[in-house]
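[1] Let's see this in three dimensions:
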Amino acid sequence: MSERPPMALPAPPPEFRGVFRTDARACAVYSEGAGIARIIPDAVAVPADADDVVTLVQWAAEHRVPLVPRGSASSMANGAVGRGVALDLSRLDAIGPVDAERAMIACGPGALRDAVDGAARLHGLRVAVDPSSGTFATIGGMTATNAAGTRTVKLGAMRAWVRGLDCVFADGSRAWVRRGEARPKVEALRTFQHDVARDVLDRGSALTRPGVRKESSGYGLADYARSGDLVDVLVGSEGTLAVFVGVELGLAPLPAVRASLLAAFGSLEDAVEAAGGAAGIGASAVELLDRTFLDVVRTHASQLSIPPAAEAVLLMEAEGDTPAAADTLTLRLGDACRTARALAVLAAPDEATADRIWAIRHAASPILNALDPHLASMQLIEDGAVPPAAFADYVRGVRAALERHRVRGVIFGHAGDAHAHVNALLDVREPDWRDRARALLDEVTALVTLLGGTLAAEHGDGRLRTPLMFRVWDARAMALFARVKQAFDPVGILNPGVKVPQPGQDPLAAVKYDPTLPPLPPEARAVLDHVVREKAWASYRLGLLDAQ
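    This next block holds a predicted model:
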């Protein structure tokens, strides 16, 4: 499979003060992210500041050049790679002072989640949304995908915490959009309000899936219909409606005490029953490790002492304002697990034991990497969520699909939200790997649709799931999404092919593991391999390249 020839781009605007490169090595290091796609951009732009972003967007609008905004490119759904200009916002990483009285902080889109969280903790506050990628996930990327994470079961996803967005719209105009404030006088917002908003408000209740607790697919129109706040439309829009150059983020109180426990179950149904009970009691985290995950861990890490009969394990966390409150909640969680027929319940008596319990959750990645150098971990079906009552059926269905298509896989995720991540492992030396990958994606998409779920709970649609959205959203919802996109970006320069599919768009068009793809320049290949191996997603790609 060959790459398309590069676009003929006009010269960058002379007033642009950042980095603008079109050489093959620079473009290649922006061709891959954490997902499965390889798409080589035609240029790379690294703006010096927000004014530079305005300059670049005005130029792109004039010449109809696609822009693909990105932070660390650690997203799984391929929304951060694409044709046109890769717009690297990672250098816009300023973190403002914490407003403790209002429990708020302002930062640039490139600010890292854990760095912002560290600033907040000095004031007894925290960033509520805590994905496992927090050391390298940017606040802008998390906002763009409506990211969630381990504690969403208690604290909610990103949309609930974003108070304002400094936006550069598709015509180059710039304005802050804040909750509770009047609509800025920007053409994109005027068009949305005039042409689309009324239909969104009329259809609001139909733009969500009953029972699904996490959603990052489509635009946040159901939330907008409830709130009337344009912030809700922009959060989760994956760079398709505006480029974020600043974020005002609400902060949550820091709990005084945390306690952890592990519960093992002899059936998936029992684990799911206990997960639902734990979420209702008030657990701050409820994580599932399925048998597929446990099989890998048992084989390569027997010291974790998981009961041999366990079909599933739950890892749970309780937060409290006092040690007594946390202990009481932990006891209630343990009782709920025993009521659901747990084989064993282990409460952590100290922080060291808690660390060992949660280390199980992170044990799979290094083990998977060591299984077989020819097995590629492909994030094809890694973000499905369904109503809690259907969660056991979903996990069982994914297991069956993996087995039917001869794909080894590992299933884990956020059981409190009925949300599963899947690592599908394929050997790309086998001639039918692509057919099996496509069949697996098709079958699990059908399963999610049947169970009334979403394909994208917290990672966004990207270029992986956008071509499949019509299978889980009805025609009227898809038409509304297209109208929203048209209102904000009539020329179609902002991350085209995400949220609104393009004709003939293929979710598996260019899989980076495909041995038939032409090789990237060796220096670029070395940089990309380093990023994956060292989890160096937050590293400046051109800096790594030029250091060679």
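
[2] The helix or strand where residue 528 lies - what's its average pLDDT?
    Taking DSSP states H and E as the definition, residue 528 sits inside helix 522-533. For helix 522-533, the mean pLDDT works out to 96.

[3] buried sites along that helix?
    524, 527, 528, 531 (16 or more other Cβ atoms under 10 Å). Every residue, glycine included, has its C-beta placed from N, CA and C.

[4] The second one contacts residue 29, correct?
    Yes - between residue 527 and residue 29 there is a contact at 4.9 Å, judged by Cβ atoms under 8 Å.

[5] Now list whatever residues contact both of those two.
    Shared contacts of residue 527 and residue 29, defined by Cβ atoms under 8 Å, 6 or more residues apart in numbering, comprise 541, 544, 545.

[6] Look up how far residue 307 lies from residue 327.
    Residue 327 sits 24 Å away from residue 307, taking Cβ to Cβ, to the nearest Å as the criterion.

[7] same question but for residue 186, I mixed them up
    Residue 186 is 58 Å from residue 307, by Cβ to Cβ.

[8] what are the ranges of the helices in the stretch 1-150 of the chain?
    Ranges of helices in the stretch 1-150 of the chain, per DSSP state H, counting those that start in this stretch, are 24-28, 50-63, 113-121, 139-145.

[9] among these, which is the most enclosed?
    Scoring the helices of the stretch 1-150 of the chain by mean neighbour count under mean count of other Cβ atoms under 10 Å gives helix 139-145 as the most buried, with a mean of 30.

[10] Could you tell me how far that one lies from the centre of the chain?
    8 Å (Cα atoms, centre = their mean, to the nearest Å).

[11] name the helices or strands packed onto that helix?
    Other elements packing on helix 139-145 under the criterion 3 or more Cβ pairs under 8 Å, 6 or more residues apart in numbering; DSSP states H and E are strand 67-70, helix 113-121, strand 243-250.

[12] Give the pairing partners of the last one; include direction for each.
    The reference is to strand 243-250. In the sheet, strand 243-250 lines up against strand 104-107 (antiparallel), strand 162-168 (antiparallel) (DSSP bridges).

[13] of the ones you listed, which approaches residue 445 most closely?
    Closest of the strands paired with strand 243-250 to residue 445 is strand 162-168, at 29.2 Å (criterion: Cβ to Cβ).

[14] starting at the chain centroid, how far to the closest one?
    19 Å.

[15] ok, now stretch 209-224?
    That offset, for stretch 209-224, works out to 14 Å (Cα atoms, centre = their mean).

[16] ends of it, how far apart?
    15 Å (Cα to Cα, to the nearest Å).

[17] what mean pLDDT does it have?
    95.

[18] Kindly report the same for stretch 77-96.
    Stretch 77-96 comes out at a mean pLDDT of 97.

[19] Tell me the buried residues in that stretch?
    Buried, per 16+ other Cβ under 10 Å, within stretch 77-96: 77-93, 95-96.

[20] how much space between the residue nearest to residue 214 when sequence neighbours are not counted and residue 158?
    Nearest residue to residue 214, sequence neighbours excluded (Cβ to Cβ, 6 or more residues apart in numbering): residue 457, at 4.0 Å. Residue 457 is 12 Å from residue 158, where distance means Cβ to Cβ.
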